[in-house]
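[1] what shape does this take:
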Amino acid sequence: MKKIVPFTKELMFKTKIGEITSISIDHTLKLDGQFISGEFIIGGTYKMIDAGKLEEEFNYNIPVDITIDSKYDTSNCTISIDEFTYEIINEETLKINISVMLDDLDIKTDIIETIEIDSRESIEDSLLDDLNEKHINDNLINNTNIEINKDNKDIIDNKKEKIENELFNNLSDEHEYSIYRVYTVKEDDTVDLILEKFNVTRDILKDYNDLDNLTVGSKIIIPSVDE
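    You can find the predicted model right below:
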């Protein structure tokens, strides 16, 4: 899987820019777990206004920090410059646009969330936190801070209500379980495979979930007997 991370930067020159005669880009970006850091190195030559054929050199080091969402496996990730463009926007400012390609990203599989609960509200709070994180990281890879506004909160509240209707309408205080797994149905899953994987019976699973309407991405409750 490939992801493109765009950057834009305005470089201020000390003297007036007439023409860029040469330009190059290099980088020192390195991956450390889910973080990429380093610098873009921009260099070249330019002609000043009213200076005839006289050329001056320029060099800029631009710090870079990229955070990759934790749902991606970065063990095979490679980093490269996908695209580089520039534009003189006034006599003292050069605007550059850089696209960084992250290649060979894999989505982590078989991530199962185990939740220790004292009540139904604990499960709801955990799922709401999960929805909150997914909504904020809608683009999955970002290097900016995002604020939650009222519209975001309304979307999260609506999703919470939907999950309550889908997951908890069969859950009552009479159940004997205190540990639950919230599992996301994957493309190749069947009910029988899920039963075998978690060592539960169809009757128990059906007591908590609508097994007739499972789709890829559905969240289901897997109860475990409280030993």
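[2] burial of Glu57, as a residue count?
    Counted with other C-beta atoms under 10 Å, residues neighbouring Glu57 total 9. The way it works is simple: take the backbone N, C-alpha and C, and place the C-beta from them, glycine included.
[3] quick one, phi/psi of it?
    Here is the backbone geometry of Glu57 (degrees, to the nearest 10): phi -90, psi 150.
[4] show me what it is bridged to.
    When bridges are called by DSSP bridges, Glu57 pairs up with Thr45.
[5] neighbours of the residue nearest to Met1 when sequence neighbours are not counted, how many?
    Excluding its sequence neighbours, the residue lying closest to Met1 (C-beta to C-beta, 6 or more residues apart in numbering) is Leu105, at 4.5 Å. By other C-beta under 10 Å, the residues close to Leu105 number 20.
[6] Thr190 too?
    Neighbour tally, Thr190, other C-beta under 10 Å: 10.
[7] and if you look at Glu19?
    11.
[8] my read: it touches Tyr46, true?
    Yes - counting by C-beta atoms under 8 Å, Tyr46 is a contact partner of Glu19 at 6.4 Å.
[9] Ser7: helix or strand, and which one exactly?
    Slight slip there: residue 7 is Phe, not Ser. In this assignment (DSSP states H and E), Phe7 forms part of strand 3-12.
[10] buried residues of that strand, list them for me.
    By neighbour count on 16 or more other C-beta atoms under 10 Å, the buried set for strand 3-12 is Lys3, Val5.
[11] pLDDT on it, on average?
    Mean per-residue pLDDT for strand 3-12: 92.
[12] and that strand, which strands flank it?
    Here strand 3-12 is paired, per DSSP bridges, with strand 93-103 (antiparallel).
[13] next helix or strand past the strand it pairs with?
    Using DSSP H and E, the first helix or strand after strand 93-103 is strand 106-107.
[14] can you tell me what sits against that following strand?
    Met1, Lys71, Tyr72, Asp73, Ser75, Asn76 (C-beta atoms under 8 Å, 6 or more residues apart in numbering).
[15] quick one, grab the pLDDT at the third one.
    So that's Tyr72. Note for Tyr72: predicted pLDDT of 88.
[16] quick one, phi psi at the closest residue to it other than its chain neighbours?
    The shortest distance from Tyr72 to any residue other than its chain neighbours is 4.9 Å, reached at Leu105 (C-beta to C-beta, 6+ apart). Note on Leu105: backbone dihedrals following degrees, to the nearest 10 are phi -80, psi 140.
[17] quick check: Leu105 vs Lys2, distance?
    The gap separating Leu105 from Lys2 is 7 Å, by C-beta to C-beta, to the nearest Å.
[18] show me where this structure has strands.
    Taking DSSP state E as the criterion, the chain carries its strands at 3-12, 17-27, 30-32, 35-48, 55-68, 72-73, 78-90, 93-103, 106-107, 113-116, 141-142, 177-184, 219-225.
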